[in-house]
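Chemist: The following block contains a protein sequence and its predicted model.
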Amino acid sequence: MSAPQPLVLLIEDEPQMRRFLRVALEAEHYRVVDAVSAAEGIRHMAGHNPDLVLLDLGLPDGDGIDVTRQIRSWSDRPIIVFSARGQDGDKIAALDAGADDYLTKPFSTGELLARMRVALRRQEGRGADAPALFTAGTLRVDRARRQVFVGDTEVHLTPTEYRLLALLVQHAGRVLTHRFLLREVWGPGRADQTHYLRVYMQQLREKLEAEPARPRLLRTEPGVGYRLVVDSDG
């Protein structure tokens, strides 16, 4: 027997949006359980143990950021948040609370499905040790030997450049906020000094990207952070 299709918990209070997403997801053979409030979403999370959560930040009985924080306190299931709020602060707060990704309304079905595929692939890898060899396009990172290649050419990185790249590789496909990257690479005392990050990201792009001015792998999420794109779905 084939394995059941992933179960998605959809927490969205707007009826039209909820119907649209359910139809789109079921057309791709996802199983869907939906909730119209924060409280119902938490109950379904506990009762159904879904493979992935789609969460609207604007709910009638609570903030989606608080829901994210509650879920993340006891579950590592991927959470993709979406919202009509365009403020970077909301996106950052959701990601810092534990969300894996975010989309700003309106968004295309294709983009949502691509983000879901990346999140589910990352989740599959969490149950086992991370592979020593990471590849994305022409980039190859051998973490066991701490070697980095573009095509067949080895690229020499400084220790700080390597730490930054290794962190992006560890969370490939996921948006990492400026604060998270700064804290993990430079320490908590540098968490607000984004100029460090801009300089080192540019250095990495110069060494790893075919066109540093138009990066395909090391993508900027404006006002939020960076994402290492693992494939064309990203």
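Modeler: That came through, no problem.
Chemist: From the contact counts, what lies against the helix or strand where R19 lies?
Modeler: Taking DSSP states H and E as the criterion, R19 maps to helix 15-27. Applying 3 or more CB pairs under 8 Å, 6 or more residues apart in numbering; DSSP states H and E, we find helix 15-27 packed against strand 7-11, strand 31-35, helix 109-126. Yep, even glycine has a C-beta here, placed from its N, CA and C like the rest.
Chemist: could you redo those as JSON lines and give each row mean neighbour count?
Modeler: Output for the helices and strands packed on helix 15-27, formatted as JSON lines (neighbours: other CB atoms under 10 Å):
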{"stretch": "strand 7-11", "mean neighbour count": "23"}
{"stretch": "strand 31-35", "mean neighbour count": "18"}
{"stretch": "helix 109-126", "mean neighbour count": "16"}
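Chemist: could you redo these as a markdown table and give each row mean pLDDT and distance to R69?
Modeler: Shown next, in a markdown table, are the helices and strands packed on helix 15-27 (pLDDT from 0 to 100; distance: least, CB to CB, whole Å):
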| stretch | mean pLDDT | distance to R69 |
| --- | --- | --- |
| strand 7-11 | 97 | 14 |
| strand 31-35 | 96 | 17 |
| helix 109-126 | 86 | 18 |
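Chemist: CSV for the ones you listed, including distance to T177?
Modeler: Formatted as CSV, these follow (distance: least, CB to CB, whole Å):
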stretch, distance to T177
strand 7-11, 22
strand 31-35, 27
helix 109-126, 17
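Chemist: Quick one: closest of the ones you listed to G189.
Modeler: Distance to G189, taken as CB to CB, is lowest for helix 109-126 among the helices and strands packed on helix 15-27, at 29.6 Å.
Chemist: So which residues make contact with the next helix or strand after the closest one?
Modeler: Downstream of helix 109-126, the next assigned helix or strand under DSSP H and E is strand 133-136. For strand 133-136, contacts defined as CB atoms under 8 Å, 6 or more residues apart in numbering pick out R140, V141, D142, R143, A144, V169, A172, L217, L228, V229, V230, D231.
Chemist: what pairs with strand 133-136, and is each one parallel or antiparallel?
Modeler: Partners of strand 133-136 in the sheet, by DSSP bridges, are strand 139-142 (antiparallel).
Chemist: Quick check: mean pLDDT of the partner strand?
Modeler: When pLDDT is averaged along strand 139-142, the result is 94.
Chemist: Please identify the buried residues of it?
Modeler: L139, R140, V141 (16 or more other CB atoms under 10 Å).
Chemist: Now do the helix or strand containing R227: which elements does it pack against?
Modeler: Using DSSP H and E, R227 maps to strand 225-228. Packing partners of strand 225-228 (3+ CB pairs under 8 Å, 6+ apart): helix 159-170, strand 176-177, helix 178-186, strand 218-221.
Chemist: hmm, 10 Å instead?
Modeler: helix 88-97, helix 159-170, strand 176-177, helix 178-186, helix 194-208, strand 218-221 (3 or more CB pairs under 10 Å, 6 or more residues apart in numbering; DSSP states H and E).
Chemist: how far is stretch 47-62 from where the chain is centred?
Modeler: Averaging C-alpha positions (CA atoms, centre = their mean, to the nearest Å) puts stretch 47-62 16 Å from its chain's average.
Chemist: Buried ones in that stretch, by neighbour count?
Modeler: P50, D51, L52, V53, L54, L55, D56, L57, G58, L59.
Chemist: In this structure F149 contacts K207, no?
Modeler: No. Using CB atoms under 10 Å, F149 is not in contact with K207; the gap is 11.1 Å.
Chemist: Domains in the protein, by residue range?
Modeler: 7-126, 133-228 (automatic domain parsing).
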